[in-house]
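>>> 3D, please:
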Amino acid sequence: MIRRIALAAAVALVSAPAFAANTAYTLDPGHTQVVLQWSHFGFSNPEAQFGKIEGTVEFDQADPTKASVNVKIDTASINSNVAKFDEHLKSADFFDVAKYPDATFKSTKVEKGAAPDQLKVSGDLTIHGVTKPATLDVTVNKVGEHPMRKAPAVGFDAKTTIKRSDFGIGKYAPNVSDDVKINITVEAIEAKAYAESQKKK
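You can find the predicted model right below:
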């Protein structure tokens, strides 16, 4: 009897890290958006969004502070629905996509927010070759099995505000606001299941 209890305890100790480990998820680009919004002379608040986003999330529902995020955005995929303006945004006046094709965010710290479903995710944001600290206010929308993919999934909304001049793209400020709001929505699928789904395409 004592041997059986000892064996059970040993198995529990060996197995514990597997249950405590974060689950790796891959961002579903078809259901992930990064939207920018700014003020234009105070008259309007236009928006543009990036169409090509890839990245990973590691998330442990039991302890969200162990989470991590790593995202890469193709800056040339920006779309304001105005073709001529998109070309200007891609030029050296702003994102200079020929020289800086990617923007990235890599988390460095995750803290619990004011409510159970809220987190504060701090990290390094790199735009236009410049890296600055940024903090995202995150809402965990849902954690569970995706009804269509039949695989574990997580969903988040996040928001932050940056000063574009901090990243060397402050042209036309303050008439075009230096402050840019960033609104993000993310759907991510368990990494192995997502990889398998891509093989079937």
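
>>> okay, CA-based contacts and neighbour counts for the rest of this
Fine.

>>> Can you read off the pLDDT for residue 200?
We note a pLDDT of 78 for residue 200 in this prediction.

>>> OK, contacts around it?
Under the criterion of C-alpha atoms under 8 Å, 6 or more residues apart in numbering, the contact list for residue 200 is empty.

>>> measure it to residue 131 for me?
With distances defined as C-alpha to C-alpha, to the nearest Å, the gap from residue 200 to residue 131 amounts to 37 Å.

>>> Look up how far residue 37 lies from residue 92.
According to C-alpha to C-alpha, residue 92 and residue 37 sit 20 Å apart.

>>> Hmm, I typed the wrong one, I wanted residue 183.
Noted for residue 183: a distance of 8 Å to residue 37, by C-alpha to C-alpha.

>>> which one of residue 92 and residue 37 has more residues nearby?
Neighbour tally, residue 92 and residue 37, criterion other C-alpha atoms under 10 Å: the higher count belongs to residue 37, 18 against 14.

>>> out of everything not next to it in sequence, what's closest to that one?
Counting by C-alpha to C-alpha, 6 or more residues apart in numbering, the nearest residue to residue 37 once its immediate chain neighbours are dropped is residue 47, at 4.5 Å.

>>> Residue 170 too?
Taking C-alpha to C-alpha, 6+ apart, and ignoring the residues beside it in sequence, residue 170 has residue 164 as its nearest neighbour in space, at 5.4 Å.

>>> So in the chain, which strand runs the longest?
Among the elements of the chain assigned as strand by DSSP state E, the one spanning the most residues is strand 130-145.

>>> Just give the strands next to that strand in its sheet, each with its orientation.
strand 118-127 (antiparallel), strand 152-163 (antiparallel) (DSSP bridges).

>>> How far off centre is the shortest one?
The gap between the average C-alpha position of strand 118-127 and the chain average comes to 8 Å, counting by C-alpha atoms, centre = their mean, to the nearest Å.

>>> can you check stretch 147-161 too?
On the basis of C-alpha atoms, centre = their mean, stretch 147-161 is displaced by 10 Å from the centre of the chain it belongs to.

>>> which of the residues in it are buried?
Judged by neighbour count (16 or more other C-alpha atoms under 10 Å), stretch 147-161 contains these buried residues: 152-159, 161.

>>> In this structure, what helix or strand scores lowest on average pLDDT?
Across the helices and strands of the chain, mean confidence by mean pLDDT, DSSP states H and E is lowest for helix 2-20: a mean of 38.

>>> Quick check: next helix or strand after that one?
Note on helix 2-20: by DSSP states H and E, the next helix or strand toward the C-terminus is strand 23-27.

>>> quick one: which helix or strand includes residue 197?
Under the criterion DSSP H and E, the helix or strand holding residue 197 is helix 191-199.

>>> and that helix, what other elements does it pack with?
strand 23-27 (3 or more C-alpha pairs under 8 Å, 6 or more residues apart in numbering; DSSP states H and E).

>>> Using PDB, write down the CA coordinates of the strand it packs on.
Presented in PDB, the C-alpha positions along strand 23-27 are these (Å, rounded to 0.1, in the frame of the first residue of the first chain):
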ATOM      1  CA  THR A  23      -0.500  25.900 -24.500                       C
ATOM      2  CA  ALA A  24       1.000  27.200 -27.700                       C
ATOM      3  CA  TYR A  25      -1.500  28.800 -30.200                       C
ATOM      4  CA  THR A  26      -1.000  30.100 -33.700                       C
ATOM      5  CA  LEU A  27      -2.800  33.300 -34.800                       C
END
